[in-house]
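1. Show me how the following folds:
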Amino acid sequence: MSVAPSADAAYVTDALIAEDIDAYLDTHRHKTMLRFITCGSVDDGKSTLIGRLLYDSKMIFEDQLDALQADSKKVGTQGQEIDFALLVDGLAAEREQGITIDVAYRFFNTEKRKFIVADCPGHEQYTRNMVTGASTADLAVILVDARKGVLVQTRRHSYLCHLIGIRNVVLAVNKMDLVGYDQARYDAIVADYAVFARSIGIESFTAMPISGFKGDNITARSPNTPWYQGPTLIDHLETVEVLSSRDADKPFRMPVQWVNRPNLDFRGFAGLIASGSVKPGDAVRVLPSGKTSTVARIVTLGGDLDKAVAGQAVTLTLADEIDCSRGDVLAAADAPPQVADQFEATLVWMADEPMLVGRGYWLKLGTQTVSATVQQPKHTINVNTLEHLAAKTLDLNAIGVAELATDRPLVFEPYADSRTLGGFILIDKLTNATVAAGMLNFSLRRAQNVHWQALDITRDAHAALKHQKPAVLWFTGLSGSGKSTIANLVEKKLHALGHHTFLLDGDNVRHGLNKDLGFTEADRIENIRRVGEVAKLMSDAGLIVLTAFISPFRAEREMVRAMLPKGEFVEIFVDTPLAVAESRDVKGLYKKARAGELKNFTGIDSPYERPEWPELRVDTTAETSEAAAERIVDHILGARGDMWMPTI
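-> Predicted coordinates:
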């Protein structure tokens, strides 16, 4: 009969670790690696199961065991017996509450395989932590408390695992000792889960009755369940097919991480092979450029290889001198991945602040980093009921489907075909915080059918005809700061000097181009995006464009700056204190905002993010509009050289 070990039980780790660490490492060097997660509802025994696996695989050292025994008596939940969950629940808050909050990673090995296991939290508010743990896993162990059966969080985690692409699922019906190892109870739970699994697309799973605390069917078959004829948990983990073995049969893909050029005679492209295999002489294609070459050498620290396969980190040299840099993808020439700049994607929102539709985020996919904007979600998914719900944005832990566009072509494959080239994260450009994890479903048809048309008359030709350098003078500041007044004066002075200009004013644009937009954060972002695109087109025509918009968010001002050639975006901060701007209140907007009649008004109930490094700052409390306009014109003409002076 399986029993929980007592504090006095004999326990001996692998002596080879202490005697000859090199020999110990060598015995494990060629073993395959399985990454898996444990998940399920709160208190289903996830941490206890991992603790038991660590204990039974002799991966707990003497000092750890002593600390575990002491902690078990102090804060454990198993009386005087060892509380295996304490091996994994490391945060003070986890131990105090007896729950898992953060993702805990642990390494252990057996004679046949190495393992990295992630213990994922069961609480719904920690869904983003669970997704993080699942993103690199080959297998999921979904625990169900035999007393409680399949719960809402069991369904939620099963759906998330399937969404993330985990196809090996183990249904571990835990705590069988607490229901007297009742086969009928076990069969009922398995049947209930099977119905749900089919509804979300899980084609098969392996079910087993276990007790993480007592050790039943963990490493050895338990006499308490003679009616169960399947494998033990360890047997299954040791023999299940890992993702990397399937990747080896796919076409060759290698995202370039680094161009290695130690001297004039060597130029190699280093990276981790995501799928397939490669040999010297193989034809490869560099994407997104599409240029082709052949592999000359496969270079590693230990010498050149005759062949490299998925999972190996190598440096490839090519037979031809072609352009290839970090972010490019080397692929089989006859079976390249797709290239597009518009997609449908599934997003898991991981930030406390909601997604802002139209805002530019950094999108990182493999070694590629591009700027991306996300449109309003098509729908969100209620993971508990699988309903598709309408939504205008995504909040923390929300899962939704939306279209996104990137500022340049992205080399990709659908996530269902490749985690490496289909999975991505979104990063806030200002804070560098990861705000979402995403999976590309497919490229939009319009992305394949719409192409750039080559034009003979370039933007330089347009500018030369006007005898000036194009620019965008971006006036930003609070309502009532004097942006429009100063911008109008600047345009008059430039026009008098013979320059070709155009002034885009915030109020004027909202009468036509942006008349469909309101003043929510999402609408303000879209307002500036549209104005930025128009300003770019006008600068392409050789004009000096002046814009007078509150443009309250730094991210959108930087988005417009990134649209233009370096040096053409000139940010002019009209710096007027809120009290001064409000005292002017020519349009009566502040009065309405204070009375609650005007929502989302900048400075009152919507933020204004001051420019950090504007090219020019105007203090309207110390300088007249006329003087400020004169100074701006002098600065612009002096900074940009003689080509600003037109030929009359």
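
2. Specify the next element, helix or strand, located C-terminal of the helix or strand hosting Ala184.
-> Assigned by DSSP states H and E, Ala184 falls within helix 183-200. For helix 183-200, the following helix or strand on the C-terminal side (DSSP H and E) is strand 206-209.

3. Provide a list of residues in contact with the closest residue to Asn260 other than its chain neighbours.
-> Spatial nearest neighbour of Asn260, chain neighbours left out: Gly268 (4.3 Å); criterion: CB to CB, 6 or more residues apart in numbering. Backbone N, C-alpha and C define where each C-beta goes, glycine included. Residues near Gly268 by CB atoms under 8 Å, 6 or more residues apart in numbering: 259-261, 297, 299, 315-317.

4. rerun at 7 Å
-> 260, 299, 315-317 (CB atoms under 7 Å, 6 or more residues apart in numbering).

5. And stretch 212-223, what's buried?
-> Buried residues in stretch 212-223, counted by 16 or more other CB atoms under 10 Å: 212-219, 221-222.

6. Can you get me the start-to-end distance on it?
-> 15 Å (CA to CA, to the nearest Å).

7. my guess is Met538 meets Phe502, correct?
-> Yes - taking contacts as CB atoms under 7 Å, Met538 lies within contact range of Phe502: 5.7 Å.

8. which residues do the two both contact?
-> Val545.

9. Please enumerate the helices of the stretch 451-600 of the chain.
-> All helices of the stretch 451-600 of the chain, identified by DSSP state H, counting those that start in this stretch, fall at 459-466, 483-496, 506-509, 521-540, 554-563, 578-584, 589-594.

10. okay, the contacts of Gly268 in a markdown table with neighbour count and pLDDT next?
-> Formatted as a markdown table, the contacts of Gly268 follow (neighbours: other CB atoms under 10 Å; pLDDT from 0 to 100):
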| residue | neighbour count | pLDDT |
| --- | --- | --- |
| Asn260 | 14 | 93 |
| Val299 | 19 | 94 |
| Thr315 | 21 | 96 |
| Leu316 | 25 | 96 |
| Thr317 | 17 | 95 |
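
11. Just the ones of those residues in strands?
-> 260, 299, 315-317 (DSSP state E).

12. Tell me the one of the residues you listed nearest His635?
-> Nearest to His635, judged by CB to CB, of the ones in strands among the contacts of Gly268 is Asn260 at 44.6 Å.

13. and the gap between the closest one and Arg631?
-> 50 Å (CB to CB, to the nearest Å).

14. Now do the spatially most central residue of the chain against Thr239, distance only.
-> Nearest to the mean C-alpha position of the chain, by CA atoms, centre = their mean, lies Ile425 at 1.3 Å. As judged by CB to CB, Ile425 and Thr239 stand 33 Å apart.

15. Show the low-confidence segments of this protein, by residue range.
-> Counting by pLDDT under 70, the chain shows low-confidence ranges at 1-21, 23-29, 42, 44, 57-103, 122-126, 243-245, 446-453, 639-648.

16. Dump the contacts of Gly268 to CSV, plus distance to Phe343.
-> Output for the contacts of Gly268, formatted as CSV (distance: CB to CB, whole Å):
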residue, distance to Phe343
Asn260, 31
Val299, 34
Thr315, 31
Leu316, 28
Thr317, 33
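
17. just curious, which of those residues is nearest to Val383?
-> Leu316 (41.7 Å).

18. That closest one is in contact with Thr294, isn't it?
-> No - with contacts counted by CB under 7 Å, Leu316 stays clear of Thr294, the gap being 10.3 Å.

19. The residue nearest to the centre of the chain belongs to a strand, doesn't it?
-> Yes - judged by DSSP: H, G, I helix; E, B strand; the rest coil, Ile425 forms part of a strand.
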